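Undergrad: Need a 3D model of the following:
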Amino acid sequence: MSDRSSAGDGLFSDDADRAAGVYQALMARSGEGSPRPRLDATRHAVELLGDPHHAYPMIHLTGTNGKTSTSRIIESILRAYGLRTGLFTSPHLVSFNERIVIDGEPISDAALADNWDDISPYLDMTDAWLAERGEGPLTFFEALTVLMFAAFADAPIDVAVVEVGMGGEWDSTNVADARVAVFTPIDIDHVQRLGSTIAEIARTKAGIIKPASEVVTAEQKPEALAELQRAAELSEASLAVEGRDFELTGDTVAVGGQMLAVRGIASTYEELYLPLYGSHQGQNAAVAIAAVETFIGSGGHALSAEILTEGLAEVTSPGRLQLVGTEPTVLVDAAHNPHGALSLRVAIDEYFDFDEVAIVVGVLDDKDAAGILTALGPVASRLYVTESESERAIPADALAEIAHVATGLEDIFVLDRLEDAVQNARQWAAESPKRLVVVTGSITVVGEVIDLARDEEWKP
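TA: Numbers count the residues shown, from 1 in each chain. Model prediction:
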C-alpha cells in the first residue's frame with residue numbers, strides 16, 4: 001500500500017511535502033496494528049485542545065465487516081441532505097488523506113499539515129504526561145484520532161461519521177459520545193486483542209454505546225445480539241435491529257450495481273439504485289438508511305425519497321468489488337477475513353457472468369488465511385498466491401501450503417511479487433472474455449493493485 005501525494009504531474013508541492021511529513025511523523029509512532037487498550041491518552045490530548053470532538057454530533061460505527069461501506073453510505077445520504085460531513089475510515093488504500101474526508105473530499109494536503117502543526121505541541125505534552133505515568137507515548141492511531149477530531153472542528157462540519165479502528169470499548173475514537181452507535185455484522189476477527197468468541201468480541205464492540213444514545217444494528221448472531229441488547233439496556237439506549245425494526249425487502253441486479261427496496265424504521269423506500277455490487281452491500285445500505293433515520297428524527301420521520309435516491313446514487317466504496325481493469329476484467333475486494341471472503345464469493349456468483357475466475361490472494365499474518373481461502377475456493381478456477389509489501393504479509397510459499405489444504409485446487413501458482421502475480425493472472429484472463437481476475441485477501445494487496453492499475457491504465 002503506497003501513500004501518494006495529491007500534487008499533480010508527479011511533482012510534490014510544498015503542501016504535499018508537509019502532508020508527507022505528517023504521515024512520516026505518525027509512522028514513527030508505534031504501529032497501527034498494535035493499538036493500546038486505553039482511552040486516557042487520547043482523552044488527555046483532546047482535553048488539552050479544548051475538546052474538538054464535542055464540536056459536532058457523531059455517528060459511530062463498529063463491526064467486523066461492512067464498516068467502511070456502511071460509513072460511506074451514511075455520509076453520502078447526510079451530504080445529500082445538505083449537511084457538511086466529516087468521514088473517518090481506516091486504513092487507506094492509496095493516499096493517507098483518504099482517511100479524513102470533509103464534505104465528500106479527502107482532506108487537502110494544506111489542511112492536513114496545518115492541523116498537524118496546530119496539534120503537535122499538545123501531542124508532545126501528552127507524550128510527556130504519559131511518560132510521567134510510566135506509559136508509552138501516543139500511538140499512530142491515537143495521534144491520528146486527535147488529528148481527525150481537530151480537522152473536523154476546524155473545517156467546520158455539521159456531523160461526523162466515524163469508524164472505529166479496532167474493537168470499540170477502548171478504541172481511541174470512543175472518547176467521543178456519539179449520538180448514534182451503528183453495528184455492522186460481528187464475527188471472529190482480531191482474536192488476539194478482542195477475544196476468541198463472538199460474544200467476547202461483541203462485548204468489546206458494545207462499548208461504543210453511550211448513555212441515552214440510539215443504537216442501530218445489522219442482523220447479528222444470537223450471542224452477539226444478546227451482548228448489544230444488554231449494553232443498550234444498561235445504558236438506557238434505544239435499539240433498532242435489522243429484521244425486526246427495519247430490513248432489506250428487495251434486491252435485484254442492475255447495470256453497475258443493484259436496485260433496492262428497504263423497510264426503514266420510519267417508512268418504506270422503493271426503487272433505490274445503489275452503484276455497488278453484492279447483496280451484502282444492499283444490507284449495508286439498509287443499515288445506513290436506518291442510521292440516518294435515527295440521526296435525523298430518532299426514527300420517527302421518513303427520509304425524503306428524492307434526497308435518499310440522490311445520496312445512494314453518489315455512493316462509492318473503493319476497494320470493495322471495485323472494477324480496476326477491463327480487457328481483461330479485474331476486480332479488487334478488500335476481503336480480509338472469512339466472513340468478507342464468503343460475501344465476495346456470493347457476489348461473484350450473483351453479479352458476474354464469467355466461466356472461469358482467477359483469484360490473486362495475499363494475506364497478513366494476523367488473519368485467518370485458511371478461513372479466507374476455504375471461503376474463496378469454490379469460486380476459484382486457479383489461485384495466484386503472493387504477498388504485499390507489508391511487513392506483516394504471510395510469505396507466499398507459506399500461504400501456498402495453506403491454500404493447497406484449504407481449497408484442494410491443483411492450479412495454484414506462487415509468485416513472491418504481487419505485480420508478477422497480477423500480471424500473470426491478467427495474461428491468463430486475456431485469453432478469453434469469459435475469464436475474470438479478482439484480487440483480494442488484504443487491504444494492502446488491494447491498495448497496491450489499485451495503484452498499479454491506475455499507473456498502467458487498465459481501464460480506458
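
Undergrad: E350 contacts T252, correct?
TA: No: look at E350 against T252 with CB atoms under 8 Å: they stay out of range, at 10.3 Å. Backbone N, C-alpha and C define where each C-beta goes, glycine included.

Undergrad: more neighbours, those two?
TA: Legend: neighbour count by other CB atoms under 10 Å for E350 and T252, higher for E350 (13 against 9).

Undergrad: Give me the distance between the more buried one and T217.
TA: With distances taken as CB to CB, to the nearest Å, E350 is found 24 Å from T217.

Undergrad: for the closest residue to A393 other than its chain neighbours, what are its contacts?
TA: Nearest non-adjacent residue to A393, counting by CB to CB, 6 or more residues apart in numbering: E387, 4.0 Å away. The neighbourhood of E387, defined by CB atoms under 8 Å, 6 or more residues apart in numbering, consists of G362, A393, I394, P395, A396, L399, D416, L418.

Undergrad: got it, and M148?
TA: M148 touches G86, F88, R99, I100, V162, counting by CB under 8 Å, 6+ apart.

Undergrad: Adding distance to W428, write those residues out as TSV.
TA: TSV is the format used below for the contacts of M148 (distance: CB to CB, whole Å):
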residue	distance to W428
G86	43
F88	39
R99	35
I100	39
V162	42
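
Undergrad: and which of those is nearest to P137?
TA: For the contacts of M148, the minimum distance to P137 (CB to CB) is 20.4 Å, reached by R99.

Undergrad: ok, which stretches of the stretch 351-460 of the chain are helices?
TA: With helices called from DSSP state H, counting those that start in this stretch, the stretch 351-460 of the chain shows them at 369-376, 396-407, 418-429, 443-456.

Undergrad: got the angle for the third one vs helix 396-407?
TA: This points to helix 418-429. Taking axes from the mean of the first three to the mean of the last three CA atoms, to 10 degrees, one finds helix 418-429 and helix 396-407 inclined to each other by 50 degrees.

Undergrad: now the end-to-end length of stretch 258-271.
TA: In stretch 258-271, first residue to last residue: 10 Å (CA to CA, to the nearest Å).

Undergrad: What is the linear distance spanned by stretch 236-254 between its boundary residues?
TA: Stretch 236-254 end-to-end distance (CA to CA) = 41 Å.

Undergrad: Need the CA coordinates for stretch 66-81. CSV is fine.
TA: Provided in CSV are the C-alpha atoms of stretch 66-81 (Å, rounded to 0.1, in the frame of the first residue of the first chain):
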residue,chain,number,x,y,z
GLY,A,66,-19.0,-3.6,6.2
LYS,A,67,-18.0,-0.7,8.5
THR,A,68,-16.4,1.3,5.7
SER,A,69,-19.0,0.8,3.1
THR,A,70,-21.8,1.5,5.6
SER,A,71,-20.0,4.6,6.8
ARG,A,72,-19.7,5.8,3.2
ILE,A,73,-23.4,5.3,2.5
ILE,A,74,-24.4,7.1,5.7
GLU,A,75,-22.1,10.0,4.8
SER,A,76,-23.4,10.3,1.3
ILE,A,77,-27.0,10.4,2.4
LEU,A,78,-26.3,13.1,5.0
ARG,A,79,-24.4,15.1,2.5
ALA,A,80,-27.4,14.9,0.1
TYR,A,81,-29.4,16.4,2.9
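
Undergrad: chain center to that stretch, what's the gap?
TA: Remark: stretch 66-81 is offset 11 Å from the chain centroid, using CA atoms, centre = their mean, to the nearest Å.

Undergrad: Spatially central residue for this protein, please.
TA: The centroid of the chain falls nearest to T68 when counting by CA atoms, centre = their mean (3.0 Å).

Undergrad: Just confirm that residue is within a strand.
TA: No: assessed with DSSP: H, G, I helix; E, B strand; the rest coil, T68 is helix; it does not lie in a strand.

Undergrad: how much space between the nearest residue to it once chain neighbours are set aside and A380?
TA: Once flanking residues are discounted, T68 sits nearest to T89: 4.8 Å by CB to CB, 6+ apart. Per CB to CB, T89 is found 29 Å from A380.

Undergrad: tell me the domain boundaries of this structure?
TA: 8-313, 322-456 (automatic domain parsing).

Undergrad: Same list, those domains, but as a markdown table with mean pLDDT please.
TA: Listed next are the domains of the chain as a markdown table, based on pLDDT from 0 to 100:
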| stretch | mean pLDDT |
| --- | --- |
| domain 8-313 | 94 |
| domain 322-456 | 96 |
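
Undergrad: residues making contact with the host helix or strand of P121?
TA: For P121, the host element (DSSP states H and E) is helix 109-132. Here helix 109-132 makes contact (CB under 8 Å, 6+ apart) with 5-7, 13, 15-16, 18-19, 21-22, 25, 41, 44-45, 48-49, 97, 100, 102, 136-138, 143, 146-147, 150-151, 154-155.

Undergrad: now it: how far from the chain's centre is it?
TA: Its chain's C-alpha centre and that of helix 109-132 lie 25 Å apart, by CA atoms, centre = their mean.
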